[in-house]
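Asks: return a 3D structure for these sequence lines:
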Amino acid sequence: MSIDKVTREEWDKLEELKKTNKVDLVNKPPHYQGKIECIDLIKDRVGSNNFPAYLEGNIWKYLYRHKDKDSNIQCLEKAQWYLNALIKHYEEL
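Replies: The predicted structure is shown next:
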């Protein structure tokens with residue numbers, strides 16, 4: 001499901017789940033869940049050699065914008081998630 005197609009009721013439900021800590025928006029965001037993990041699809045599409053650049057770009061993106069967001073800690077946690085994914089990628093080589 002695209003986040004652009006979420007109804008107001010679905011968004012409100014997500015907000016309520018966030019308040020009760022049942023949704024992990026850093027490690028398992030529901031808008032990226034499907035038959036396969038979105039990150040795995042991206043790795044498959046960009047290829048193993050280009051995957052580190054994708055991860056690095058996301059690290060920079062979240063570091064860059066964390067100061068301008070209300071959820072600055074969440075942005076830093078996402079940057080950390082992508083950094084951990086980059087480390088894992090190199091460990092698996």
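Asks: surely C75 and I59 touch.
Replies: No. With contact defined as CB atoms under 8 Å, C75 does not count as touching I59 (10.8 Å). To be clear about C-beta, it is placed using only N, CA and C from the backbone, and glycine gets the same treatment.
Asks: where does this structure have low pLDDT?
Replies: 1-6, 11-12, 14-15, 17-23, 31-34 (pLDDT under 70).
Asks: next, the buried residues of whichever helix in it runs longest.
Replies: Assignment by DSSP state H gives helix 72-91 as the longest helix of the chain. Under the neighbour-count criterion of 16 or more other CB atoms under 10 Å, helix 72-91 has 75-79, 81-83, 85-86 buried.
Asks: would you turn those residues into TSV with distance to S48?
Replies: Converted to TSV, those look like this (distance: CB to CB, whole Å):
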residue	distance to S48
C75	27
L76	27
E77	25
K78	22
A79	22
W81	19
Y82	16
L83	18
A85	13
L86	13
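Asks: between the residues you listed, which is nearest N49?
Replies: For N49, the closest of the buried residues of helix 72-91 turns out to be L86, at 13.6 Å, with distances computed as CB to CB.
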